[in-house]
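*Asks:* kindly return the folded structure for what I paste below:
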Amino acid sequence: MSKRAVVLAGGTGTRLRPYTVVLPKPLMPIGDYPILEVIIRQLVWHGFTHITLAVNHQANILKAFFGDGNKWGALIDYSLETKPMSTIAPLALIPDLPENFLLMNGDVLTDFALNGFLERHVTAGRLFTIAAARRLQLVDYGVLQIDSSHRLTEFCEKPRMEYLVSMGVYGVNRAVLDFVPPDSKYGFDDLMNNLLGKGELVSVEPYEGYWLDIGRPDDYMRAIEEFEQRKHELLPPNS
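*Replies:* This next block holds a predicted model:
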């Protein structure tokens, strides 16, 4: 099966300022490589032969760096937004999407098996599949629950809350484009609320392995610190 991936690389990297004042976020270095090159190498390693970068902010720098993808053994092309369109609307600008494809953010560091994920999505005939990571949040305060008369009804000292979050990696059936309004900003949150409101099935695959969203400075610094020790898990041999 020929595998197609779309990588969202058009954001301005606001949360990573001042790092992203000069460089677009996808070119922020992690070890020897920009984060987006790590993703490209992973995609090629997992059998993705055609990769489309959805670009906007500093698009020319990204095009100059990645070119046509020949260096990495894949076809890389570009979909240019002329205005910010969030995470899902840019898909409507890509005319040759296959029936099923992988969609992912351009700032994800993970050892997740992307090929098997898309294959499961296709085999199960899903409309939309979300790869999800478990996160544990520690609240550093004593949490109070009160009733309408302000009487304490429950107290919990520094509770720990576990929840699932989107990893920014999705299996997508092209039919979701029917939900995207033309020439409008339309994000992942809009699509999820729309699909849920219409009773459509959205599948979630929890993943217990390594995952970081490097959109914030503390996560970016953590990625830099951890990349070398995990390089053999994150990149193909001889990288």
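
*Asks:* use CA for all of it now, contacts and neighbours both
*Replies:* OK.

*Asks:* C-alpha coordinates for stretch 70-88, PDB please?
*Replies:* The C-alpha coordinates for stretch 70-88 follow below in PDB (Å, rounded to 0.1, in the frame of the first residue of the first chain):
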ATOM      1  CA  ASN A  70      15.100  13.400  -2.800                       C
ATOM      2  CA  LYS A  71      17.700  13.700   0.000                       C
ATOM      3  CA  TRP A  72      15.500  11.600   2.200                       C
ATOM      4  CA  GLY A  73      14.200   9.100  -0.400                       C
ATOM      5  CA  ALA A  74      10.600  10.500  -0.600                       C
ATOM      6  CA  LEU A  75       8.600  12.800  -2.700                       C
ATOM      7  CA  ILE A  76       8.000  16.000  -0.700                       C
ATOM      8  CA  ASP A  77       5.600  18.600  -1.900                       C
ATOM      9  CA  TYR A  78       3.900  21.600  -0.400                       C
ATOM     10  CA  SER A  79       0.400  23.100   0.200                       C
ATOM     11  CA  LEU A  80       0.600  26.800   0.900                       C
ATOM     12  CA  GLU A  81      -1.900  28.600   3.000                       C
ATOM     13  CA  THR A  82      -2.400  32.300   2.100                       C
ATOM     14  CA  LYS A  83      -3.900  32.900   5.600                       C
ATOM     15  CA  PRO A  84      -4.000  31.000   8.900                       C
ATOM     16  CA  MET A  85      -6.500  28.100   8.500                       C
ATOM     17  CA  SER A  86      -5.800  26.100  11.700                       C
ATOM     18  CA  THR A  87      -5.200  22.300  11.600                       C
ATOM     19  CA  ILE A  88      -7.900  20.800   9.400                       C
END
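
*Asks:* pLDDT on that stretch, on average?
*Replies:* The pLDDT scores in stretch 70-88 average 90.

*Asks:* residue farthest from the centroid of the protein?
*Replies:* In terms of distance from the mean C-alpha position of the chain, residue 149 ranks first, at 44.3 Å (Cα atoms, centre = their mean).

*Asks:* next, that residue: secondary structure please.
*Replies:* For residue 149, the assignment made with DSSP: H, G, I helix; E, B strand; the rest coil gives coil.

*Asks:* flag the shaky bits of the chain, pLDDT-wise.
*Replies:* Filtered on pLDDT under 70, the chain yields the residue ranges 1-2, 11-22, 239.

*Asks:* this completes my enquiry, with thanks.
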